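Engineer: Mind looking at a prediction? Sequence and model below.
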Amino acid sequence: MKNIRETTFKSLTYVSALFTIIFLFGIIGSLFLEGLPLIKLVTFKTFILNPSWHPTSYPADFGILSLIAGSLIVTMGALILAIPLGIGSAIYISEIAGNKTREIIKPIIELLAGIPSVVYGLFGMAFLSPFLIRVFGIPTGLNACSASIILGIMVVPIISSMSEDALSTVPRQLREASLALGATRWETIMRVVLPAAKSGVIGSVVLGFGRAIGETMVVIMVAGGAAQIPTSIFQPVRPMTAAVAAEMGETVFGSPHFHALYAIAIVLFIITFATNLITEVVFFRKGDLK
Amino acid sequence: MKRREWEEFLGVNLLRLVIGITVAFLILFLSVIFSKGGPMISWSFLTESPRKYMTEGGIFPAIVGTFWLTILSIAFSLPLGIFTAIYLSCYARAAWFVRITRLSVRTLAGVPSIIFGLFGRMVFVHLFGFGISILSGALTLGILALPMIINSSEEAIRGVPKDFWEASLALGATQRQTILRVILPTALPNILTGVIISIGRVAGETAPILFTAATFYTRQMPSSAMDEVMALPYHIYALMTEGAHASKQVPIAYGTAVVLLLVVLSISAIAIIIRYHMRRKRTW
């Protein structure tokens, strides 16, 4: 009797773990099942390299180069903002701040991480965009630049909390030795602590990249939505996630357009999967990859 | 001053500037949302349905919708998540299976939320025939929450000292008894913290419910899990991107954002407070 209970319980945990695997493969399977049929209409090369995305015109064009460009420019813009702010905040919290300041600032940054992306989107549309129009005199405030700013702010807590974890694992002796040798705090940070925590800090940036490129609500609301390769950061763009989210509701189940959106999702999945893999293999090999 | 001292002075103050910008942005952000949305909040805003094509009235159906979506999704992913965490931290024998499970958890954690939405639309809405409904949305959100729950629960379980496990087994308890009566109760506060944080995340997610659960407008309250619903995050999105009366819709969107923020932030504040107290109370 006892044995049956033991085995049942153990099997229950085993089956639960199995479900996690099933879900992942279910996701991959559903993407490929619905995305691959597009190959009958468009070659892989045209799909990736053609900048013309006109899925509803006749004949339809399913080239996603401009969508990829939109995703990349917005993500890069976000990182340009988020890397200095995120890493800087992490260094401040771990190296400069006293205990009291740290206990106030850390939860604040955690709160920033908990804000739903749609609220950031609202802020971008209703506040930042009119503000940019006033300051720069541009025709539309919904563009690559404003999306980058909002996305950047969203990524700051991710980069900051992971970099801070990395910095906190640097042994105290290293800092003390450096200070004892007469180095200033700044020199200790730049030449001892940061190099020692390098892999974790870079890992946080890679993770931030993955998060930014997969973010949907901010870009669908703030990036402007024009499927074009931008020539300036003040032009509207249509990142991949925005195209999928905005167009999925209007497609007919099983139509070429429908398959094309799942094909975009495959590209997106591969990019984020590769990002995760890089973070894991390159930066956390020593860690818990048992 | 010498060059090195200048460097120190500039560098440290640069870091202060950076943290200042980050905190200032948060203050700006919150004050914009609360100053524009705060005045919208009233008893009727919280308890009435929208009227006149979303230009008047309240957001009660969206509050109800978000409540059910969140509760059901956690009810689905909580047992799965905790059991998986137990497997990974307490049993976990077959190395290849553990590896694949961990890889799946990590990969799921990094999948963009819109992709969960596509999966949900394909599998729950279409294949299982649940249609656009609370059930489809909750299952989709549940899968999104799963890696967060697994990770935090596993960490919590691993935080229980090995001695507890060994002492219990030495007293003649079985593995199952040890897990259920010793390990889980000890790890519970930390598990709860993780779960509460994922509740906050789930409540604010929009992309996964775009085409699995959400509807712009419905007059009726949901009567079963098979109904489509309004939800707070989707309501904000819809008010900002659909409809023809921007000047009347934007204030309602701000008001909805205040409600959503209060819900999400108070949920994560609870988690932060629990964790803070647990760290202080821990005696081992």
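Structural biologist: It's in. Numbers count the residues shown, from 1 in each chain, chains lettered A, B, ... in the order given.

Engineer: Can you report how many residues neighbour residue 43?
Structural biologist: You didn't say which chain, so I picked chain A. 11 (other CB atoms under 10 Å in any protein chain shown). In short, each C-beta sits where N, CA and C put it, glycine included.

Engineer: The intended chain is chain B.
Structural biologist: Residues lying near B:Trp43 (other CB under 10 Å) number 8.

Engineer: residue contacts, it?
Structural biologist: Applying CB atoms under 8 Å, 6 or more residues apart in numbering or on different chains to B:Trp43 gives no contacts.

Engineer: now swap in B:Phe60 and tell me
Structural biologist: B:Leu46, B:Thr47, B:Glu48, B:Ser49.

Engineer: Excluding chain neighbours, give the residue nearest to the third one in space.
Structural biologist: Spatially, and ignoring its direct neighbours in sequence, B:Glu48 is nearest to B:Gly58 (3.5 Å; CB to CB, 6 or more residues apart in numbering or on different chains).

Engineer: what about that neighbour, how many neighbours?
Structural biologist: Using other CB under 10 Å, B:Gly58 is surrounded by 23 other residues.

Engineer: Equivalent analysis for B:Glu166, please.
Structural biologist: B:Glu166 has 11 neighbours, counted by other CB under 10 Å.

Engineer: Over to the one 4 residues further on?
Structural biologist: Applying other CB under 10 Å, we find 9 residues neighbouring B:Ala170.

Engineer: do the same with A:Val135
Structural biologist: 9.

Engineer: quick one on the thing from earlier: will you turn the contacts of B:Phe60 into JSON lines that also has secondary structure, pLDDT and neighbour count?
Structural biologist: Shown next, in JSON lines, are these (DSSP: H, G, I helix; E, B strand; the rest coil; pLDDT from 0 to 100; neighbours: other CB atoms under 10 Å in any protein chain shown):
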{"residue": "B:Leu46", "secondary structure": "helix", "pLDDT": "88", "neighbour count": "13"}
{"residue": "B:Thr47", "secondary structure": "helix", "pLDDT": "83", "neighbour count": "11"}
{"residue": "B:Glu48", "secondary structure": "coil", "pLDDT": "81", "neighbour count": "15"}
{"residue": "B:Ser49", "secondary structure": "coil", "pLDDT": "81", "neighbour count": "16"}
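
Engineer: for these, which one is nearest chain A?
Structural biologist: Set against chain A, the nearest of those by CB to the nearest CB is B:Leu46 (17.7 Å).

Engineer: Show me which parts of the worst-scoring helix or strand of chain A on mean pLDDT are buried, residue by residue.
Structural biologist: Sorting the helices and strands of chain A by mean pLDDT, DSSP states H and E puts helix A:99-114 at the bottom, at a mean of 84. Going by neighbour count (16 or more other CB atoms under 10 Å in any protein chain shown), the buried part of helix A:99-114 is A:Ile105, A:Lys106, A:Ile109, A:Glu110, A:Leu111, A:Leu112, A:Ala113, A:Gly114.

Engineer: Any figure for the gap between the first one and chain B?
Structural biologist: The one in question is A:Ile105. Separation of A:Ile105 from chain B (CB to the nearest CB, to the nearest Å): 7 Å.

Engineer: Quick check: that residue touching B:Ile19?
Structural biologist: Yes - using CB atoms under 8 Å, A:Ile105 is in contact with B:Ile19, at 6.5 Å.

Engineer: any shared contact partners between the two?
Structural biologist: Joint contacts of A:Ile105 and B:Ile19 (CB under 8 Å, 6+ apart) are A:Ser89, A:Tyr92, A:Ile93, A:Ala97.

Engineer: could you dump those residues to a markdown table with distance to B:Pro161 and secondary structure?
Structural biologist: A markdown table is the format used below for the shared contacts of A:Ile105 and B:Ile19 (distance: CB to CB, whole Å; DSSP: H, G, I helix; E, B strand; the rest coil):
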| residue | distance to B:Pro161 | secondary structure |
| --- | --- | --- |
| A:Ser89 | 33 | helix |
| A:Tyr92 | 34 | helix |
| A:Ile93 | 29 | helix |
| A:Ala97 | 31 | coil |
